[in-house]
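Participant: fold the following for me, if possible:
(one chain, ligands or ions: 1)
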Amino acid sequence: MKEKIYLSSDHAGYDLKDKIKKYLEDQKYEVIDLGTNNNYDSVSYSEYGKKLAKNVLNDKGSYGIGVCGTGLGISYSVNRFKGIRGARVTSVEDAKLAREHNDANVLLFGGRQLNIDQVEKMIDQFFKSKYEGGRHQKRIDELDE
Ligand code: RB5
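Facilitator: Numbering: from 1, shown residues only. This next block holds a predicted model:
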């Protein structure tokens with residue numbers, strides 16, 4: 001059974017989110033799109049980050065992918081929530097280490113900076129990597145103290 005993934009973006013991230021959605025559905029992930037639903041009505045990355053964080057936290061074992069123009073604003077938003085480990089990734093190596101060392105449960109992308117080919121590679125790497133636990137767990141526990 002493949003992972004359940006919540007998707008969320010502001011208007012600047014909409015186009016990339018839509019492509020990510022199609023890719024994940026093709027790959028048979030379970031996908032839940034929290035909006036936004038177009039690239040022309042300006043909405044807040046803060047609001048869509050909160051929505052994403054709350055859904056992931058309320059659904060144990062699920063993951064989130066958020067997109068805004070840079071991936072920065074939406075990463076600030078999700079990381080205000082205890083239990084969320086949101087990784088703004090810009091490379092395949094980031095994606096690998098975000099899982100292996102940081103046990104990330106949310107990925108954030110810059111929709112104005114990355115194309116779908118790059119993002120597909122990062123998503124593939126993230127989900128095929130495994131959290132290593134061990135020495136990393138204490139540090140992760142400290143985040144939520
Ligand atoms: C919206 O124009 C843009 O500021 C936003 O998507 C994001 O890049 C902020 O971090």
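Participant: quick one: pLDDT of residue 40?
Facilitator: Listed pLDDT for residue 40 reads 98.
Participant: can you count the residues close to it?
Facilitator: 7 (other Cβ atoms under 10 Å). Glycine gets a C-beta too; all of them are placed from N, C-alpha and C.
Participant: name the element it belongs to?
Facilitator: Secondary structure from DSSP states H and E places residue 40 outside every helix and strand.
Participant: contact partners for the spatially closest residue to it that is not a sequence neighbour?
Facilitator: Spatial nearest neighbour of residue 40, chain neighbours left out: residue 11 (6.6 Å); criterion: Cβ to Cβ, 6 or more residues apart in numbering. Residues near residue 11 by Cβ atoms under 8 Å, 6 or more residues apart in numbering: 36, 38-43.
Participant: tabulate those (a markdown table), appending distance to the ligand.
Facilitator: Shown next, in a markdown table, are the contacts of residue 11 (distance: Cβ to the nearest ligand atom, whole Å):
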| residue | distance to the ligand |
| --- | --- |
| 36 | 11 |
| 38 | 14 |
| 39 | 11 |
| 40 | 12 |
| 41 | 12 |
| 42 | 7 |
| 43 | 9 |
